[in-house]
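Undergrad: Pasting a predicted model and its sequence here:
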Amino acid sequence: MDKSLLNKLNSIEVSLAEVEKQLSEIDISKDQSTYAEMAKKHSDLNEIVNLYAQWKNANTDIEEAKELLEIESDEEMKIEFENIIDENKSKRNSLVQKIKISLLPKDPSDDKDVLVEIRPGAGGEEAAIWVGDLYKMYTRFAERKGWKVEPIEITDSDMGGFIKIIFAIKSKGVYSKLKFEAGAHRVQRVPKTESQGRVHTSIATVAVLPEAEEVDIKIDQNDLKIDVYRSSGPGGQSVNTTDSAVRITHIPTGLVVSCQDEKSQLQNKEKAMRILRARLLKAEQDKAAAERAKDRKEQVGSGERSDKIRTYNYKDNRVSDHRINLTLKKLDQVLDGDLDEFVDELVADNEASRLANLDD
(Lines give C-alpha, C1' and ligand atoms only; values in the text may rest on other atoms or scores of the structure.)
Protein backbone atom coordinates (compact mmCIF):
# COMPACT_ATOMS: atom_id res chain seq x y z
CA MET A 1 0.00 0.00 0.00
CA ASP A 2 1.44 3.38 -1.01
CA LYS A 3 2.19 6.14 1.48
CA SER A 4 -0.60 8.50 0.38
CA LEU A 5 -3.22 5.79 0.91
CA LEU A 6 -1.77 4.94 4.32
CA ASN A 7 -1.89 8.62 5.31
CA LYS A 8 -5.51 8.84 4.18
CA LEU A 9 -6.47 5.77 6.22
CA ASN A 10 -4.72 7.08 9.33
CA SER A 11 -6.62 10.33 8.89
CA ILE A 12 -9.92 8.42 8.60
CA GLU A 13 -9.16 6.63 11.89
CA VAL A 14 -8.85 10.04 13.57
CA SER A 15 -12.06 11.24 11.90
CA LEU A 16 -13.96 8.17 13.14
CA ALA A 17 -12.97 8.91 16.73
CA GLU A 18 -14.14 12.53 16.32
CA VAL A 19 -17.48 11.44 14.86
CA GLU A 20 -18.00 8.97 17.72
CA LYS A 21 -17.42 11.80 20.20
CA GLN A 22 -19.88 14.08 18.37
CA LEU A 23 -22.50 11.32 18.25
CA SER A 24 -22.29 10.82 22.00
CA GLU A 25 -22.97 14.53 22.53
CA ILE A 26 -26.08 14.85 20.31
CA ASP A 27 -29.48 14.91 21.99
CA ILE A 28 -31.46 12.58 19.69
CA SER A 29 -34.82 13.81 20.96
CA LYS A 30 -33.99 17.38 19.89
CA ASP A 31 -32.00 16.85 16.71
CA GLN A 32 -32.88 13.60 14.98
CA SER A 33 -31.81 14.74 11.50
CA THR A 34 -28.28 15.68 12.61
CA TYR A 35 -27.98 12.40 14.52
CA ALA A 36 -29.10 10.39 11.46
CA GLU A 37 -26.60 12.24 9.27
CA MET A 38 -23.75 11.65 11.72
CA ALA A 39 -24.73 8.00 12.20
CA LYS A 40 -24.54 7.47 8.44
CA LYS A 41 -21.10 9.12 8.36
CA HIS A 42 -19.99 6.91 11.27
CA SER A 43 -21.15 3.77 9.45
CA ASP A 44 -19.24 4.72 6.28
CA LEU A 45 -16.02 5.55 8.14
CA ASN A 46 -16.29 2.47 10.36
CA GLU A 47 -16.45 0.21 7.30
CA ILE A 48 -13.16 1.65 6.01
CA VAL A 49 -11.45 1.52 9.41
CA ASN A 50 -12.46 -2.14 9.88
CA LEU A 51 -10.93 -3.05 6.51
CA TYR A 52 -7.78 -1.13 7.43
CA ALA A 53 -7.59 -3.03 10.75
CA GLN A 54 -7.81 -6.34 8.88
CA TRP A 55 -5.02 -5.17 6.54
CA LYS A 56 -2.80 -4.28 9.53
CA ASN A 57 -3.52 -7.67 11.13
CA ALA A 58 -2.51 -9.44 7.91
CA ASN A 59 0.69 -7.40 7.85
CA THR A 60 1.45 -8.32 11.45
CA ASP A 61 0.87 -12.02 10.74
CA ILE A 62 3.26 -11.84 7.78
CA GLU A 63 6.02 -10.19 9.79
CA GLU A 64 5.64 -12.62 12.69
CA ALA A 65 5.71 -15.62 10.33
CA LYS A 66 8.86 -14.26 8.64
CA GLU A 67 10.63 -13.90 11.99
CA LEU A 68 9.70 -17.43 13.02
CA LEU A 69 10.75 -18.77 9.62
CA GLU A 70 14.27 -17.40 10.09
CA ILE A 71 14.85 -19.24 13.37
CA GLU A 72 12.89 -22.43 12.58
CA SER A 73 14.89 -25.56 11.72
CA ASP A 74 12.01 -28.04 11.23
CA GLU A 75 11.17 -28.34 7.52
CA GLU A 76 7.47 -29.00 8.05
CA MET A 77 7.14 -25.92 10.25
CA LYS A 78 9.01 -23.86 7.65
CA ILE A 79 6.46 -24.91 5.05
CA GLU A 80 3.69 -23.98 7.48
CA PHE A 81 5.11 -20.49 8.01
CA GLU A 82 5.58 -20.02 4.26
CA ASN A 83 1.93 -20.92 3.73
CA ILE A 84 0.89 -18.39 6.39
CA ILE A 85 2.94 -15.72 4.62
CA ASP A 86 1.42 -16.53 1.20
CA GLU A 87 -2.15 -16.64 2.53
CA ASN A 88 -1.82 -13.32 4.30
CA LYS A 89 -0.18 -11.65 1.28
CA SER A 90 -3.14 -12.74 -0.80
CA LYS A 91 -5.52 -11.51 1.90
CA ARG A 92 -3.66 -8.23 2.13
CA ASN A 93 -3.88 -7.62 -1.64
CA SER A 94 -7.61 -8.36 -1.56
CA LEU A 95 -8.09 -5.94 1.32
CA VAL A 96 -6.26 -3.15 -0.52
CA GLN A 97 -8.76 -3.56 -3.38
CA LYS A 98 -11.70 -3.49 -0.95
CA ILE A 99 -10.29 -0.42 0.79
CA LYS A 100 -9.94 1.43 -2.52
CA ILE A 101 -13.54 0.56 -3.42
CA SER A 102 -14.76 1.71 0.00
CA LEU A 103 -13.01 5.05 -0.59
CA LEU A 104 -14.82 5.66 -3.90
CA PRO A 105 -17.46 8.43 -3.73
CA LYS A 106 -20.77 6.90 -2.67
CA ASP A 107 -23.88 7.18 -4.81
CA PRO A 108 -26.20 9.05 -2.41
CA SER A 109 -29.13 6.97 -3.66
CA ASP A 110 -27.55 3.56 -3.06
CA ASP A 111 -29.29 3.00 0.29
CA LYS A 112 -32.72 4.00 -1.00
CA ASP A 113 -35.74 1.86 -1.84
CA VAL A 114 -36.61 1.70 -5.54
CA LEU A 115 -39.54 2.15 -7.86
CA VAL A 116 -39.33 -0.19 -10.85
CA GLU A 117 -41.27 0.59 -14.04
CA ILE A 118 -41.66 -2.11 -16.69
CA ARG A 119 -43.29 -1.31 -20.05
CA PRO A 120 -43.57 -3.08 -23.41
CA GLY A 121 -41.33 -1.93 -26.25
CA ALA A 122 -41.25 -3.43 -29.75
CA GLY A 123 -43.11 -6.70 -30.17
CA GLY A 124 -46.79 -5.96 -29.72
CA GLU A 125 -48.77 -8.20 -27.37
CA GLU A 126 -45.83 -10.56 -26.89
CA ALA A 127 -43.85 -7.61 -25.45
CA ALA A 128 -46.78 -6.89 -23.11
CA ILE A 129 -46.73 -10.52 -21.92
CA TRP A 130 -42.95 -10.27 -21.42
CA VAL A 131 -43.56 -7.33 -19.06
CA GLY A 132 -45.42 -9.71 -16.74
CA ASP A 133 -42.63 -12.31 -16.92
CA LEU A 134 -40.03 -9.72 -15.90
CA TYR A 135 -42.24 -8.57 -13.03
CA LYS A 136 -42.38 -12.16 -11.75
CA MET A 137 -38.59 -12.46 -12.09
CA TYR A 138 -37.92 -9.36 -9.99
CA THR A 139 -40.58 -10.30 -7.47
CA ARG A 140 -38.98 -13.74 -6.99
CA PHE A 141 -35.52 -12.18 -6.73
CA ALA A 142 -36.79 -9.82 -4.03
CA GLU A 143 -38.38 -12.72 -2.16
CA ARG A 144 -35.07 -14.62 -2.21
CA LYS A 145 -33.41 -11.55 -0.66
CA GLY A 146 -36.10 -10.99 1.93
CA TRP A 147 -37.01 -7.62 0.37
CA LYS A 148 -40.55 -6.25 0.51
CA VAL A 149 -42.41 -5.81 -2.80
CA GLU A 150 -45.28 -3.32 -3.06
CA PRO A 151 -47.33 -3.10 -6.30
CA ILE A 152 -47.98 0.54 -7.22
CA GLU A 153 -49.74 0.37 -10.58
CA ILE A 154 -50.53 -2.62 -12.77
CA THR A 155 -52.34 -1.92 -16.05
CA ASP A 156 -53.51 -4.94 -18.05
CA SER A 157 -53.48 -5.13 -21.82
CA ASP A 158 -56.29 -6.67 -23.89
CA MET A 159 -54.75 -10.13 -24.36
CA GLY A 160 -53.21 -11.13 -21.05
CA GLY A 161 -50.17 -8.89 -20.98
CA PHE A 162 -49.49 -5.55 -19.32
CA ILE A 163 -49.33 -2.00 -20.62
CA LYS A 164 -47.22 -1.08 -17.61
CA ILE A 165 -46.26 -2.35 -14.18
CA ILE A 166 -44.87 -0.06 -11.50
CA PHE A 167 -43.84 -1.48 -8.14
CA ALA A 168 -41.67 -0.64 -5.16
CA ILE A 169 -38.96 -2.82 -3.61
CA LYS A 170 -38.04 -1.88 -0.07
CA SER A 171 -34.86 -2.73 1.85
CA LYS A 172 -31.59 -1.04 2.72
CA GLY A 173 -29.26 -0.89 -0.27
CA VAL A 174 -31.77 -2.12 -2.87
CA TYR A 175 -30.93 0.64 -5.36
CA SER A 176 -27.21 -0.22 -5.22
CA LYS A 177 -28.06 -3.74 -6.41
CA LEU A 178 -30.88 -3.11 -8.88
CA LYS A 179 -29.86 0.11 -10.63
CA PHE A 180 -27.98 -1.86 -13.28
CA GLU A 181 -31.20 -3.66 -14.28
CA ALA A 182 -32.35 -0.51 -16.03
CA GLY A 183 -32.54 -0.80 -19.80
CA ALA A 184 -34.07 -2.87 -22.59
CA HIS A 185 -34.60 -6.58 -21.89
CA ARG A 186 -34.94 -8.64 -25.10
CA VAL A 187 -36.74 -11.98 -25.25
CA GLN A 188 -36.45 -14.51 -28.10
CA ARG A 189 -39.12 -17.21 -28.03
CA VAL A 190 -42.11 -18.70 -29.82
CA PRO A 191 -45.22 -16.82 -28.63
CA LYS A 192 -48.21 -18.88 -27.50
CA THR A 193 -50.23 -17.19 -30.24
CA GLU A 194 -47.74 -18.19 -32.97
CA SER A 195 -49.24 -21.05 -35.00
CA GLN A 196 -46.19 -21.51 -37.27
CA GLY A 197 -43.75 -22.05 -34.41
CA ARG A 198 -41.57 -19.09 -35.41
CA VAL A 199 -39.31 -17.38 -32.90
CA HIS A 200 -40.21 -13.76 -32.23
CA THR A 201 -38.01 -11.09 -30.69
CA SER A 202 -39.67 -8.66 -28.29
CA ILE A 203 -38.54 -5.94 -25.92
CA ALA A 204 -39.65 -4.71 -22.51
CA THR A 205 -38.02 -1.66 -20.95
CA VAL A 206 -37.11 -1.46 -17.27
CA ALA A 207 -36.51 1.77 -15.37
CA VAL A 208 -35.15 1.65 -11.82
CA LEU A 209 -35.69 4.87 -9.87
CA PRO A 210 -34.50 5.58 -6.32
CA GLU A 211 -37.58 6.35 -4.26
CA ALA A 212 -37.53 9.98 -3.19
CA GLU A 213 -38.66 11.19 0.21
CA GLU A 214 -40.31 14.57 0.64
CA VAL A 215 -37.05 15.86 2.08
CA ASP A 216 -35.26 14.90 -1.16
CA ILE A 217 -37.66 16.71 -3.46
CA LYS A 218 -39.69 19.78 -2.53
CA ILE A 219 -42.73 20.07 -4.80
CA ASP A 220 -44.71 23.31 -4.92
CA GLN A 221 -48.40 22.40 -4.99
CA ASN A 222 -48.94 25.38 -7.32
CA ASP A 223 -46.78 23.55 -9.89
CA LEU A 224 -49.22 20.62 -10.03
CA LYS A 225 -52.27 20.13 -12.23
CA ILE A 226 -54.39 17.33 -10.76
CA ASP A 227 -57.16 15.67 -12.78
CA VAL A 228 -59.51 12.93 -11.57
CA TYR A 229 -61.36 10.49 -13.79
CA ARG A 230 -62.94 7.04 -13.75
CA SER A 231 -60.64 4.01 -13.78
CA SER A 232 -60.67 1.94 -16.97
CA GLY A 233 -59.77 -1.68 -17.64
CA PRO A 234 -58.61 -3.51 -20.79
CA GLY A 235 -60.26 -2.11 -23.91
CA GLY A 236 -61.15 1.09 -22.10
CA GLN A 237 -64.24 -0.18 -20.30
CA SER A 238 -65.04 1.59 -17.05
CA VAL A 239 -64.27 -0.49 -13.95
CA ASN A 240 -65.27 2.12 -11.39
CA THR A 241 -68.36 4.25 -10.98
CA THR A 242 -66.54 7.04 -9.13
CA ASP A 243 -63.80 9.43 -10.19
CA SER A 244 -61.06 7.66 -8.22
CA ALA A 245 -58.26 7.63 -10.83
CA VAL A 246 -55.75 10.48 -10.57
CA ARG A 247 -53.53 12.15 -13.15
CA ILE A 248 -50.88 14.60 -11.93
CA THR A 249 -49.03 16.93 -14.30
CA HIS A 250 -45.89 18.67 -13.05
CA ILE A 251 -46.21 21.91 -14.99
CA PRO A 252 -42.53 23.09 -14.91
CA THR A 253 -41.19 19.83 -16.37
CA GLY A 254 -44.23 18.48 -18.19
CA LEU A 255 -43.97 15.13 -16.38
CA VAL A 256 -47.31 13.32 -16.21
CA VAL A 257 -48.10 10.53 -13.75
CA SER A 258 -51.38 8.66 -13.46
CA CYS A 259 -52.60 6.01 -11.03
CA GLN A 260 -55.91 4.13 -10.96
CA ASP A 261 -55.25 0.86 -9.13
CA GLU A 262 -56.75 1.87 -5.79
CA LYS A 263 -60.47 2.42 -5.14
CA SER A 264 -59.72 5.55 -3.15
CA GLN A 265 -58.84 8.79 -4.91
CA LEU A 266 -56.61 9.71 -1.96
CA GLN A 267 -54.61 6.46 -2.23
CA ASN A 268 -54.19 6.91 -5.99
CA LYS A 269 -52.98 10.47 -5.44
CA GLU A 270 -50.47 9.29 -2.84
CA LYS A 271 -49.05 6.63 -5.18
CA ALA A 272 -48.91 9.07 -8.10
CA MET A 273 -46.98 11.55 -5.93
CA ARG A 274 -44.45 8.82 -5.01
CA ILE A 275 -43.84 8.10 -8.69
CA LEU A 276 -43.59 11.81 -9.49
CA ARG A 277 -41.07 12.44 -6.69
CA ALA A 278 -38.92 9.52 -7.87
CA ARG A 279 -38.94 10.75 -11.46
CA LEU A 280 -38.12 14.31 -10.44
CA LEU A 281 -35.24 13.10 -8.24
CA LYS A 282 -33.87 11.01 -11.12
CA ALA A 283 -34.16 13.97 -13.48
CA GLU A 284 -32.23 16.15 -11.02
CA GLN A 285 -29.51 13.51 -10.70
CA ASP A 286 -29.25 13.23 -14.48
CA LYS A 287 -28.91 16.99 -14.80
CA ALA A 288 -26.22 17.10 -12.12
CA ALA A 289 -24.32 14.34 -13.91
CA ALA A 290 -24.64 16.27 -17.20
CA GLU A 291 -26.18 13.31 -18.97
CA ARG A 292 -27.96 13.94 -22.23
CA ALA A 293 -31.34 12.41 -21.45
CA LYS A 294 -33.31 12.34 -18.25
CA ASP A 295 -35.72 10.26 -16.17
CA ARG A 296 -36.76 6.84 -17.45
CA LYS A 297 -35.94 7.61 -21.12
CA GLU A 298 -32.24 7.81 -20.18
CA GLN A 299 -32.38 4.28 -18.84
CA VAL A 300 -34.51 2.40 -21.31
CA GLY A 301 -33.52 3.66 -24.75
CA SER A 302 -36.07 3.72 -27.55
CA GLY A 303 -37.58 0.31 -26.84
CA GLU A 304 -36.58 -0.97 -30.27
CA ARG A 305 -35.23 -4.49 -30.77
CA SER A 306 -31.69 -3.21 -31.36
CA ASP A 307 -31.67 -1.61 -27.90
CA LYS A 308 -30.77 -4.26 -25.36
CA ILE A 309 -28.80 -4.79 -22.19
CA ARG A 310 -29.76 -8.44 -21.82
CA THR A 311 -31.20 -11.19 -24.02
CA TYR A 312 -33.32 -14.10 -22.80
CA ASN A 313 -33.28 -16.93 -25.38
CA TYR A 314 -35.81 -19.70 -24.69
CA LYS A 315 -34.64 -22.11 -27.40
CA ASP A 316 -31.07 -22.26 -26.07
CA ASN A 317 -32.02 -21.88 -22.37
CA ARG A 318 -29.65 -18.91 -22.41
CA VAL A 319 -29.46 -15.48 -20.77
CA SER A 320 -26.77 -13.05 -21.96
CA ASP A 321 -25.86 -9.69 -20.45
CA HIS A 322 -24.24 -7.70 -23.25
CA ARG A 323 -22.55 -5.12 -21.03
CA ILE A 324 -20.32 -7.60 -19.21
CA ASN A 325 -20.30 -10.42 -21.80
CA LEU A 326 -21.78 -12.87 -19.31
CA THR A 327 -23.90 -15.76 -20.62
CA LEU A 328 -25.59 -18.29 -18.34
CA LYS A 329 -27.33 -21.43 -19.58
CA LYS A 330 -30.05 -21.41 -16.95
CA LEU A 331 -32.96 -19.38 -18.25
CA ASP A 332 -35.52 -21.12 -16.00
CA GLN A 333 -33.56 -20.34 -12.83
CA VAL A 334 -32.99 -16.71 -13.84
CA LEU A 335 -36.69 -16.17 -14.55
CA ASP A 336 -37.37 -17.72 -11.15
CA GLY A 337 -35.35 -14.93 -9.54
CA ASP A 338 -31.82 -16.39 -9.57
CA LEU A 339 -30.21 -13.09 -10.60
CA ASP A 340 -27.29 -13.00 -8.19
CA GLU A 341 -24.55 -13.77 -10.73
CA PHE A 342 -25.67 -10.96 -13.04
CA VAL A 343 -26.18 -8.46 -10.20
CA ASP A 344 -22.85 -9.25 -8.53
CA GLU A 345 -20.88 -9.10 -11.81
CA LEU A 346 -22.50 -5.80 -12.81
CA VAL A 347 -21.66 -4.26 -9.42
CA ALA A 348 -18.07 -5.57 -9.67
CA ASP A 349 -17.72 -4.26 -13.25
CA ASN A 350 -18.95 -0.83 -12.17
CA GLU A 351 -16.49 -0.76 -9.26
CA ALA A 352 -13.62 -1.79 -11.54
CA SER A 353 -14.47 0.94 -14.02
CA ARG A 354 -14.63 3.57 -11.29
CA LEU A 355 -11.30 2.42 -9.86
CA ALA A 356 -9.71 2.59 -13.31
CA ASN A 357 -10.98 6.14 -13.77
CA LEU A 358 -9.69 7.03 -10.32
CA ASP A 359 -6.22 5.76 -11.21
CA ASP A 360 -6.11 7.62 -14.56
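TA: Structure's in. What do you need?
Undergrad: Would you map the helices across this structure?
TA: 3-25, 32-71, 75-103, 124-145, 174-178, 265-288, 295-300, 331-335, 340-359 (DSSP state H).
Undergrad: Please identify the most buried of those.
TA: helix 174-178 (a mean of 22; mean count of other CB atoms under 10 Å). Just so you know, the C-beta spots here come from the backbone N, C-alpha and C atoms, and that holds for glycine as well.
Undergrad: mean confidence for that helix?
TA: Average pLDDT, helix 174-178: 94.
Undergrad: That one packs against which elements?
TA: Counting contacts by 3 or more CB pairs under 8 Å, 6 or more residues apart in numbering; DSSP states H and E, the secondary-structure elements packed against helix 174-178 are strand 114-120, strand 200-210, helix 340-359.
Undergrad: I'd like to know the average pLDDT value across the second one.
TA: Same thing as strand 200-210. Here the average pLDDT along strand 200-210 is 94.
Undergrad: likewise the last one?
TA: Summarised as a single mean, pLDDT over helix 340-359 is 87.
Undergrad: that older thread, among the helices and strands packed on helix 174-178, which is nearest Asn57?
TA: Of all the helices and strands packed on helix 174-178, it is helix 340-359 that lies closest to Asn57, at 23.6 Å by CB to CB.
Undergrad: Specify the stretch among the helices of the chain that is closest to Ile163.
TA: Closest among the helices of the chain, using CB to CB: helix 124-145, at 6.6 Å.
Undergrad: now that closest one and strand 200-210, what's the angle there?
TA: 50 degrees (axes from the mean of the first three to the mean of the last three CA atoms, to 10 degrees).
Undergrad: tell me the angle helix 124-145 makes with helix 340-359.
TA: Using the same axes, to 10 degrees: helix 124-145 against helix 340-359 is 80 degrees.
Undergrad: contacts for helix 124-145?
TA: Residues outside helix 124-145 that contact it (CB atoms under 8 Å, 6 or more residues apart in numbering): 116, 118-121, 123, 148-149, 157-165, 167, 169, 171, 178, 181, 185, 187, 191, 193, 200, 202-204, 206, 334-339.
Undergrad: try it again with 7 Å
TA: 116, 118-121, 149, 157, 159-163, 165, 169, 171, 185, 187, 191, 200, 202-204, 206, 335-337, 339 (CB atoms under 7 Å, 6 or more residues apart in numbering).
Undergrad: same check, this time on stretch 273-283
TA: For stretch 273-283, the surrounding residues in contact (CB under 7 Å, 6+ apart) are 115, 152, 166, 209-212, 216-217, 219, 248, 250, 253, 255, 257, 294-295.
Undergrad: Just give me how far that stretch sits from the chain centre.
TA: Offset of stretch 273-283 from its chain centre (CA atoms, centre = their mean, to the nearest Å): 16 Å.
Undergrad: could you give me the average pLDDT of it?
TA: Computed over stretch 273-283, the mean pLDDT rounds to 88.
Undergrad: next one: stretch 71-86
TA: Per-residue scores along stretch 71-86 average to 92.
Undergrad: And stretch 90-101, by the same measure?
TA: So the average pLDDT for stretch 90-101 ends up being 91.
Undergrad: Numbering from 290 from now on, please.
TA: Happy to do that; since the first residue is 290 now, the last one works out to stretch 379-390.
Undergrad: List of residues touching that stretch?
TA: 290, 337, 340-341, 343-344, 347-348, 640, 644.
Undergrad: Then stretch 626-643?
TA: With CB under 7 Å, 6+ apart, stretch 626-643 has contacts from 390, 393, 426, 429-430, 432-433, 466, 469, 610, 613, 615, 617, 619.
Undergrad: Same list, those, but as JSON lines with distance to Glu326 please.
TA: Output for these, formatted as JSON lines (distance: CB to CB, whole Å):
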{"residue": "Ile390", "distance to Glu326": "23"}
{"residue": "Leu393", "distance to Glu326": "20"}
{"residue": "Met426", "distance to Glu326": "36"}
{"residue": "Arg429", "distance to Glu326": "36"}
{"residue": "Phe430", "distance to Glu326": "31"}
{"residue": "Glu432", "distance to Glu326": "32"}
{"residue": "Arg433", "distance to Glu326": "32"}
{"residue": "Lys466", "distance to Glu326": "24"}
{"residue": "Phe469", "distance to Glu326": "27"}
{"residue": "Asp610", "distance to Glu326": "36"}
{"residue": "Ile613", "distance to Glu326": "35"}
{"residue": "Leu615", "distance to Glu326": "38"}
{"residue": "Leu617", "distance to Glu326": "41"}
{"residue": "Lys619", "distance to Glu326": "43"}
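Undergrad: any idea which of these is closest to Lys297?
TA: Lowest distance from Lys297 to these (CB to CB) belongs to Leu393, with 12.7 Å.
Undergrad: Now do the phi/psi pair for the closest one.
TA: phi -60, psi 150 (degrees, to the nearest 10).
Undergrad: what would the helices and strands packed on helix 463-467 look like in CSV with distance to Glu314?
TA: Shown next, in CSV, are those (distance: least, CB to CB, whole Å):
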stretch, distance to Glu314
strand 403-409, 35
strand 489-499, 32
helix 629-648, 35
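Undergrad: Which among those is found nearest to Ile368?
TA: Going by CB to CB, the one of these nearest Ile368 is helix 629-648, 33.8 Å.
Undergrad: At the geometric centre of the chain, which residue do we find?
TA: Leu467 (2.5 Å; CA atoms, centre = their mean).
Undergrad: Now do stretch 613-625: distance from first to last residue.
TA: Taking CA to CA, to the nearest Å, stretch 613-625 runs 21 Å from one end to the other.
Undergrad: Quick one: buried ones out of the contacts of helix 413-434?
TA: With burial judged by 16 or more other CB atoms under 10 Å, the buried subset of the contacts of helix 413-434 is 405, 407-410, 438, 446, 450-451, 454, 458, 460, 474, 476, 480, 489, 491-493, 495, 624, 626, 628.
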